[in-house]
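Trainee: Can you look at this prediction? I've put the sequence above it.
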Amino acid sequence: MSAADFRKLADLFPDETVTHSYVQDIELPAVGGKAGAGTFALITLDNDLDHSKPTTLGPNTLVELGTVLEGLKERAARGEIVGVGVTGKPYFLVAGADLSAVKTLREREHGLWMAQLGHEVYGSLASLGVPSFAFINGLALGGGLEIALQSNYRTASTGAGALALPEALLGLVPGWGGVYLLPRLIGPENAVKVMIENPLSNNRTLSGPQAFELGIADALFEPADFLEQSIAWAARVIAGETAPERRNAVDPADPAVAERWAAAVVGGRAFVEAKTSNASPAPAKVLDIMEANRTLSQAESAALECDTLADLMQTDEFRSTVYAFLDLVQKRSKRPAGAPDRKLARPVTKVGVVGAGLMASQLALLFARQLKVPVVLTDIEQERVDKGVAYVYAEVDKLLGKKRISQDAANRTKALVSGSVSKEAFADADFVIEAVFEELSVKKQVFAEVEEIVSAECILATNTSSLSVTAMAEGLKHPERLVGFHFFNPVAVMPLLEIVRAPQTDDAVLATAFELAKGLKKTAVLVKDAAAFVVNRILLRLMGEVIAAFDEGTPAEVADTALRPMGLPMSPFTLSTMVGLPVAQHVQESLHAAFGDRFAVSHNLQKLIDNGVKTLWVEGPDGSRVIPEETLSLMSFGNSPSTGAEVLRRTQDALAEEIGLMLQEGVVAGPEDIDLCVILGAGWPMFLGGITPYLDRVGASERVNGKRFLAPGVASAPAAS
C-alpha cells in the first residue's frame with residue numbers, strides 16, 4: 001500500500017476527531033553516577049478534549065503519528081535522541097480505533113487500507129533505531145494496547161484501568177499485531193484469556209497491576225508520579241542498568257510451547273462454542289490467526305490479520321455490534337428517550353424497602369452502597385427482617401474480603417441498613433419500593449398501608465416484573481406518585497432498569513426515578529405500563545414457542561438447541577429452570593390473560609409444577625443433559641414434531657410479530673430501546689445488535705411485518721447509493 005493510498009483513506013474522514021501526537025524532548029536523569037543518559041522524545045497522544053472524550057485512532061490520527069515517528073527515526077539516526085516514549089492524556093493511553101468511523105467503510109479495500117496503515121505506523125515503533133517505550137497511564141483498549149505491545153518496553157500505572165483487547169466481542173480481531181505479540185509475551189494460555197475469555201465474559205478488562213502480573217507491563221508505578229518514575233526507569237533501561245524480566249514470555253519454536261499453544265487454542269474454541277455457539281465469526285477468527293501465527297513471521301501474521309480484519313469489517317455482525325456498543329450502550333443509554341427534565345427530580349435522603357427476601361435484600365444493598373443513604377427493610381416477622389439485614393451484612397463482608405471496598409466503606413454501608421416489623425419506619429422516607437410476592441392484591445394492600453404512613457411527597461415504586469402498575473395505583477389517594485422500577489436478577493450485576501410510567505404518574509416522580517437510576521449506576525429505559533413490559537414479554541414469547549413445539553412432540557434436545565444459531569447466553573429450558581418453573585408459568589399466565597393465545601400456557605409445565613418438579617433437565621452420568629423418565633411420565637405430547645430449523649424460524653417470526661406489536665402499542669419509543677433492553681436486561685449478545693437487527697438480517701421482520709425494524713446502514717451494510 002502506498003502513501004497515496006493512506007492519504008486517500010484519511011481523506012474519507014474529514015470530520016475525524018484527531019488524536020494528535022505531541023512531542024516533547026526530555027533530558028534523561030543521570031544513572032549510576034554517570035552523566036545524563038541523553039535526550040528522550042516523549043509523544044503524548046491527545047485529542048485536546050476533556051476526559052469525557054476518549055482519544056481514538058482514525059486514519060488521520062495514524063497518518064500524523066506515522067509522520068511523527070518517521071521524523072524521530074531520522075533524529076535517532078543522527079544521534080539526537082536515545083529513546084522514544086508514548087503516553088496519553090490524563091486517564092487514557094488510547095481507547096482504540098474509532099469504531100463509528102470504521103463502520104462507515106463501505107469498501108473492503110478501504111478496510112484493508114485501515115488495517116495496513118495501523119501495521120505500517122505501529123511497526124515503526126520497533127525499528128526506530130533506539131528503544132521505544134509505552135507508558136500506560138490509563139485506559140488502553142484494542143489498538144491502544146497494541147501501541148504498547150509494539151513498543152520495546154512498557155510501564156503501567158497502578159491506577160490504570162480497562163486494559164484489554166476486546167475485538168472478539170466487537171466483531172473484529174486485534175488487527176495491529178496483538179494476536180502475534182501477546183501470546184509470545186505472556187504465554188498462549190494467558191493470551192487466550194485476554195483475547196477470548198475476557199471479552200466474551202461481559203467485556204472484562206485488566207487493571208494496571210493485573211497487566212503487570214501477566215507480563216504485559218515490565219514495571220508498575222503509582223499514579224502520583226507515574227510519568228516521572230517511568231522516564232527514570234526508561235533511563236536505567238537505556239543505560240543498561242535495568243533489564244526487565246519477561247517471566248511469562250515463550251518461544252513458539254519450543255516443542256513444549258507448541259503443545260501448550262495448540263491446547264490453548266483448543267480450549268479457546270471450546271469457550272467460544274459454550275459462550276456464543278459460534279454464531280459470531282470474530283472469536284473463531286482470532287483463534288485461527290493465533291493458531292496459524294505460531295509458525296509465521298510477524299510480517300506474514302500481519303498480512304493475515306489485515307485480510308481477516310478487512311473481511312470482518314464488512315460483516316453485518318460487526319456493524320450490529322457497533323450499533324449495540326456505540327449507538328445503544330454508549331449513547332442512547334445516557335439519553336433515555338422520554339425522560340422528563342432532570343431539574344424536576346426530588347432529593348432522596350432515605351429509602352424504604354417492603355419485604356426482606358432475596359430480591360428486597362439485594363435492593364437494600366444496592367441503594368445503601370450507591371446512594372449512601374439510610375435504607376430500612378420491613379417484613380411481617382422479625383425473623384425475616386433479621387435474615388434480610390444479615391444477608392446485606394454478609395454481602396458487604398464478601399466485598400471487603402475481595403478487597404473491592406475498604407473497611408471504612410464496609411462499616412458505613414452496614415450502618416446505613418436497618419430493619420423493622422413496622423412500616424412506621426418509612427415515615428421519613430422519600431422513596432419506598434416493594435419487593436413482595438408477585439400478586440396484585442398483595443401489592444395493592446402494601447401500598448395502601450404505606451400511603452397512610454409516608455409524606456405526600458414520598459414516591460412509591462414497584463419492582464413487579466409483569467403486573468399492571470395502573471391497577472396497583474387504583475384506590476391510592478395519590479396515584480400519581482406510583483412508578484414501576486423493575487430490576488433484573490442478580491441486581492448487582494444486571495445493568496437494566498425498566499422504569500414504568502402509568503397513565504397518572506407525574507413528571508416529577510418520573511424524573512426522580514431516572515435520577516435514582518443514574519445514582520444506582522443502572523441504565524434506565526422508559527416503558528409503557530403493558531403486561532411484562534419489554535424483556536420478560538420477549539423472553540416469554542421466545543420460551544413459549546419452544547415449549548409449545550416440545551409439547552407438540554418435538555424431541556427435547558431438538559427444541560432446546562434449535563435457537564443455537566442465535567448465540568443466546570442460555571437455552572430456553574435452562575432459562576426456564578433459572579427463572580423457576582412456577583415463576584415462568586405465572587408470568588406466562590399473566591401474558592396469556594393480557595394477549596391471548598400468542599402466549600400459550602403449557603399444560604405439561606403445569607403438571608411438573610403440581611408435582612414439585614423444578615427442572616426439565618438433569619445431568620446424566622456422562623455429563624449430558626437428560627429428562628428423567630419419571631418427569632417424562634408426567635407429561636403428554638402431541639404427534640406434530642418440528643425440526644430444529646422449523647422451531648428456529650417459528651421463534652424468529654414470533655419475536656418479529658411481538659416486537660412489531662410492542663412498537664405499535666408504544667411500549668417503548670423505538671426498536672433501539674427494545675435492543676437496549678435485551679442486551680442489558682437479558683444478556684443478549686452484542687453481535688446480534690440486540691434482537692431487531694438479527695430479525696432484519698434473517699428476514700423475519702419482512703416476513704411478518706412487511707418491513708425492517710431498522711433502516712439499512714443502522715446496524716447493517718449501508719444501502720447502495
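Mentor: Received it, and whenever you're ready, just let me know what you need.
Trainee: Check the secondary structure at the residue nearest to the spatial centre of the chain for me.
Mentor: The structure's the chain has its C-alpha centroid closest to Asn202; by C-alpha atoms, centre = their mean the separation is 4.6 Å. For Asn202, the assignment made with DSSP: H, G, I helix; E, B strand; the rest coil gives coil.
Trainee: quick one: the helices in the stretch 551-700 of the chain?
Mentor: Secondary structure of the stretch 551-700 of the chain (DSSP state H, counting those that start in this stretch): helices at 556-561, 572-579, 581-595, 603-610, 629-632, 644-665, 671-682, 692-697, 700-705.
Trainee: With mean pLDDT, distance to Pro479 and mean neighbour count as new columns, can those helices be given to me in TSV?
Mentor: For the C-beta atoms, the positions are set from N, CA and C on the backbone; glycine is no exception. Output for the helices of the stretch 551-700 of the chain, formatted as TSV (pLDDT from 0 to 100; distance: least, C-beta to C-beta, whole Å; neighbours: other C-beta atoms under 10 Å):
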stretch	mean pLDDT	distance to Pro479	mean neighbour count
helix 556-561	94	43	20
helix 572-579	88	30	19
helix 581-595	92	21	18
helix 603-610	95	34	16
helix 629-632	92	45	12
helix 644-665	98	21	19
helix 671-682	97	25	26
helix 692-697	96	33	26
helix 700-705	98	35	19
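Trainee: Can you tell me which of those is nearest to Gly144?
Mentor: Comparing the helices of the stretch 551-700 of the chain against Gly144 with C-beta to C-beta, the closest turns out to be helix 671-682 (23.9 Å).
Trainee: Report pLDDT for the residue nearest to the centre of the chain.
Mentor: The score at Asn202 is 86. That number is its pLDDT.
Trainee: And it, how close does it get to Gly683?
Mentor: 8 Å (C-beta to C-beta, to the nearest Å).
Trainee: so where's the protein shaky on pLDDT?
Mentor: In the predicted model of the chain, residues 1-3, 33-36, 720-721 satisfy pLDDT under 70.
Trainee: what do you get if the cut-off is 80, keeping everything else the same?
Mentor: In the predicted model of the chain, residues 1-7, 32-37, 101, 619-624, 718-721 satisfy pLDDT under 80.
Trainee: Now do the buried residues in stretch 543-553.
Mentor: Neighbour-count burial for stretch 543-553, counted by 16 or more other C-beta atoms under 10 Å, picks out 543-551.
Trainee: Now distance to Phe226 and secondary structure too, for those, in TSV please.
Mentor: Shown next, in TSV, are these (distance: C-beta to C-beta, whole Å; DSSP: H, G, I helix; E, B strand; the rest coil):
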residue	distance to Phe226	secondary structure
Met543	51	helix
Gly544	55	helix
Glu545	55	helix
Val546	53	helix
Ile547	56	helix
Ala548	60	helix
Ala549	58	helix
Phe550	58	helix
Asp551	62	helix
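Trainee: Dump those residues to a markdown table, plus distance to Ser640.
Mentor: Formatted as a markdown table, the buried residues of stretch 543-553 follow (distance: C-beta to C-beta, whole Å):
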| residue | distance to Ser640 |
| --- | --- |
| Met543 | 19 |
| Gly544 | 16 |
| Glu545 | 14 |
| Val546 | 15 |
| Ile547 | 14 |
| Ala548 | 10 |
| Ala549 | 9 |
| Phe550 | 11 |
| Asp551 | 10 |
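Trainee: Can you show me the CA trace of stretch 598-610 as PDB?
Mentor: Taking Å, rounded to 0.1, in the frame of the first residue of the first chain, the C-alpha atoms of stretch 598-610 are listed here in PDB:
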ATOM      1  CA  ARG A 598     -49.800 -15.800  21.400                       C
ATOM      2  CA  PHE A 599     -48.800 -16.700  24.900                       C
ATOM      3  CA  ALA A 600     -50.000 -20.300  25.300                       C
ATOM      4  CA  VAL A 601     -49.900 -21.800  28.800                       C
ATOM      5  CA  SER A 602     -48.200 -25.200  28.800                       C
ATOM      6  CA  HIS A 603     -50.200 -28.000  30.400                       C
ATOM      7  CA  ASN A 604     -47.000 -30.000  30.700                       C
ATOM      8  CA  LEU A 605     -45.200 -27.300  32.700                       C
ATOM      9  CA  GLN A 606     -48.200 -27.100  35.000                       C
ATOM     10  CA  LYS A 607     -48.100 -30.900  35.600                       C
ATOM     11  CA  LEU A 608     -44.500 -30.600  36.600                       C
ATOM     12  CA  ILE A 609     -45.200 -27.700  38.900                       C
ATOM     13  CA  ASP A 610     -48.100 -29.500  40.500                       C
END
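Trainee: which residues sit against that stretch?
Mentor: Stretch 598-610 is contacted by residues 540-541, 544, 547-548, 550-551, 576, 581-582, 584-585, 588-589, 591-592, 616, 631, 634-637, 654, 657-658 when judged by C-beta atoms under 8 Å, 6 or more residues apart in numbering.
Trainee: what's the spacing between the nearest residue in space to Asp428 that is not next to it in sequence and Ser280?
Mentor: Leaving aside its chain neighbours, Asp428 sits nearest to Lys350 (5.8 Å; criterion: C-beta to C-beta, 6 or more residues apart in numbering). Here Lys350 is placed at a distance of 46 Å from Ser280 (C-beta to C-beta).
Trainee: and these two? which has more neighbours close in?
Mentor: Ser280 (27 against 20; other C-beta atoms under 10 Å).
Trainee: Let me see the contact set for the more buried one.
Mentor: Contacts for Ser280 (C-beta under 8 Å, 6+ apart) come out as 171, 317, 567, 685, 687.
Trainee: Identify the farthest-apart pair in these.
Mentor: Using C-beta to C-beta, these reach their maximum pairwise distance at Gly171 and Gly567, which is 12.0 Å.
Trainee: Common neighbours of these two, please.
Mentor: Listed as contacting both Gly171 and Gly567 by C-beta under 8 Å, 6+ apart are 280, 687.
Trainee: In terms of neighbours, single out the busier of these two.
Mentor: Neighbour count, other C-beta under 10 Å: between Gly171 and Gly567, Gly171 has more, with 27 against 19.
Trainee: how about TSV for the contacts of Ser280, with distance to Ile147 added?
Mentor: Output for the contacts of Ser280, formatted as TSV (distance: C-beta to C-beta, whole Å):
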residue	distance to Ile147
Gly171	21
Glu317	26
Gly567	31
Pro685	28
Phe687	26
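Trainee: Relative to Val509, which of those residues is nearest.
Mentor: Nearest member of these to Val509, counting by C-beta to C-beta, is Pro685, at 34.5 Å.
Trainee: Count the residues that sit near Gly352.
Mentor: Using other C-beta under 10 Å, Gly352 has 29 neighbouring residues.
Trainee: For the host helix or strand of it, name the packing helices and strands.
Mentor: Taking DSSP states H and E as the criterion, Gly352 maps to strand 351-354. Applying 3 or more C-beta pairs under 8 Å, 6 or more residues apart in numbering; DSSP states H and E, one finds that strand 351-354 contacts helix 358-371, strand 375-378, strand 431-434, helix 440-451.
Trainee: for the stretch 151-300 of the chain, what spans make up the helices?
Mentor: Going by DSSP H, counting those that start in this stretch, the stretch 151-300 of the chain shows helices at 167-170, 178-186, 188-192, 208-214, 226-238, 255-276, 281-293, 298-313.
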